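[1] any chance you can model this:
(one chain, ligands or ions: 2)
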Amino acid sequence: MMLDIQNLYVSYQGIKALRGVSLQVDRGEMVAIIGSNGAGKSTLLNAISRLVPAGEGRIVFNGVDLRRSIAHKVARLGVLQVPEGRQILGEMTVLENLQVGQLALGGRPAKYSLSDVYALFPVLEERHAQLGGTLSGGQQQMLAIGRAMMGAPEVLLLDEPSLGLSPLMTDQVFAALGRLNADGLTVMLVEQNAHRALELTSRAYVLDRGLVVREGKSRDLADDPSIIASYLGV
Ligand SMILES: Nc1ncnc2c1ncn2[C@@H]1O[C@H](COP(=O)(O)OP(=O)(O)OP(=O)(O)O)[C@@H](O)[C@H]1O
Ligand SMILES: [Mg+2]
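    Ligands and ions are numbered 1, 2, ... in the order given. Presented below is the predicted three-dimensional model:
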């Protein structure tokens with residue numbers, strides 16, 4: 001077990017965002033977290049990354065209790081989040097953004113080189129000298145993933161990478177994630193685009209109002225009438 005979350009609670013000033021969530025991610029897996037607006041998906045990723053404080057519960061990564069750690073140390077263990085809205089540095093070049101990603105190494109060996117990132121996202125090499133803020137939304141998402149790659153992720157946490165992207169860009173970003181996972185990277189993918197997320201991943205959890213209401217093989221969930229009605233509706 002790489003990531004083991006048990007009975008996790010998170011509240012914001014009385015608003016219960018997570019109400020006893022348990023989930024597990026094995027090394028090499030690609031797992032989806034789907035659910036409607038406000039289900040607690042971002043809160044879950046932010047609790048793992050230690051960007052929001054957790055209440056009760058356990059968050060254990062490779063045997064290390066992340067509850068005892070702080071955000072930048074969690075990143076230096078290789079738990080790397082690509083946040084919602086990407087948060088790339090608009091006033092820095094593409095190359096500089098990628099170099100910033102190396103800060104998460106914290107002495108650990110690199111896993112991907114700059115040329116690995118450029119091989120996966122050729123457009124980033126073409127635009128390496130351009131300011132991050134001038135990239136399209138899809139290119140910024142690629143840059144955010146590339147930046148995380150430079151920090152040698154053990155597990156990559158993605159918060160709605162398809163948000164605001166055209167179907168074509170979504171295809172490209174998801175194909176890249178599929179390739180990274182095929183090469184062994186562990187991925188946790190939060191998505192409102194449940195259809196695409198279930199297509200890409202092997203296992204999934206459904207969050208609803210702070211609770212895991214379903215879990216299973218992505219293919220089974222994608223075929224399940226109640227999931228179709230609630231999350232894959234026309
Ligand atoms: N900083 C905050 N302060 C107060 N309440 C918050 C805060 N962040 C989230 N919440 C609340 O916590 C609950 C879970 O929010 P969260 O952002 O985790 O959901 P989500 O599944 O990521 O939703 P979305 O699909 O809209 O991104 C919601 O009720 C939300 O309003
Ligand atoms: Mg969210």
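[2] Val82 against Glu160, yeah?
    No: contact status for Val82 versus Glu160: not in contact, 9.4 Å apart, counting by CB atoms under 8 Å. Using the backbone N, CA and C atoms, a C-beta is placed for each residue, glycine as well.
[3] of the two, who's got more company?
    Legend: neighbour count by other CB atoms under 10 Å for Val82 and Glu160, higher for Val82 (27 against 22).
[4] give the contact list for that one.
    141, 144-145, 147-148, 156-159, 161 (CB atoms under 8 Å, 6 or more residues apart in numbering).
[5] phi, psi of it?
    phi -100, psi 100 (degrees, to the nearest 10).
[6] mind checking how far it is from Gly20?
    Separation of Val82 from Gly20 (CB to CB, to the nearest Å): 26 Å.
[7] tell me where this protein has strands.
    3-12, 15-25, 30-34, 58-61, 64-65, 79-82, 155-159, 186-191, 203-208, 211-217 (DSSP state E).
[8] mind listing residues that contact the helix or strand bottoming out on mean pLDDT in the chain?
    Across the helices and strands of the chain, mean confidence by mean pLDDT, DSSP states H and E is lowest for helix 225-231: a mean of 89. Residues from elsewhere that reach helix 225-231 (CB under 8 Å, 6+ apart): 34-36, 194, 206, 214, 221-222.
[9] ok, now with 10 Å
    34-36, 192-195, 197-198, 204, 206, 208, 213-214, 216, 220-222, 224, 232-234 (CB atoms under 10 Å, 6 or more residues apart in numbering).
[10] CSV please, covering the strands of the chain and showing distance to ligand 2 and mean pLDDT.
    As requested, the strands of the chain are exported to CSV (distance: least, CB to the ion, whole Å; pLDDT from 0 to 100):
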stretch, distance to ligand 2, mean pLDDT
strand 3-12, 13, 98
strand 15-25, 10, 98
strand 30-34, 10, 98
strand 58-61, 18, 97
strand 64-65, 25, 94
strand 79-82, 12, 97
strand 155-159, 6, 98
strand 186-191, 7, 97
strand 203-208, 10, 97
strand 211-217, 16, 97
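[11] distance to Arg127 added to those, as JSON lines?
    Below are those laid out as JSON lines (distance: least, CB to CB, whole Å):
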{"stretch": "strand 3-12", "distance to Arg127": "33"}
{"stretch": "strand 15-25", "distance to Arg127": "33"}
{"stretch": "strand 30-34", "distance to Arg127": "27"}
{"stretch": "strand 58-61", "distance to Arg127": "34"}
{"stretch": "strand 64-65", "distance to Arg127": "37"}
{"stretch": "strand 79-82", "distance to Arg127": "19"}
{"stretch": "strand 155-159", "distance to Arg127": "21"}
{"stretch": "strand 186-191", "distance to Arg127": "25"}
{"stretch": "strand 203-208", "distance to Arg127": "34"}
{"stretch": "strand 211-217", "distance to Arg127": "38"}
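[12] overlap of the contact sets of Val82 and Glu160?
    45, 141, 189-190.
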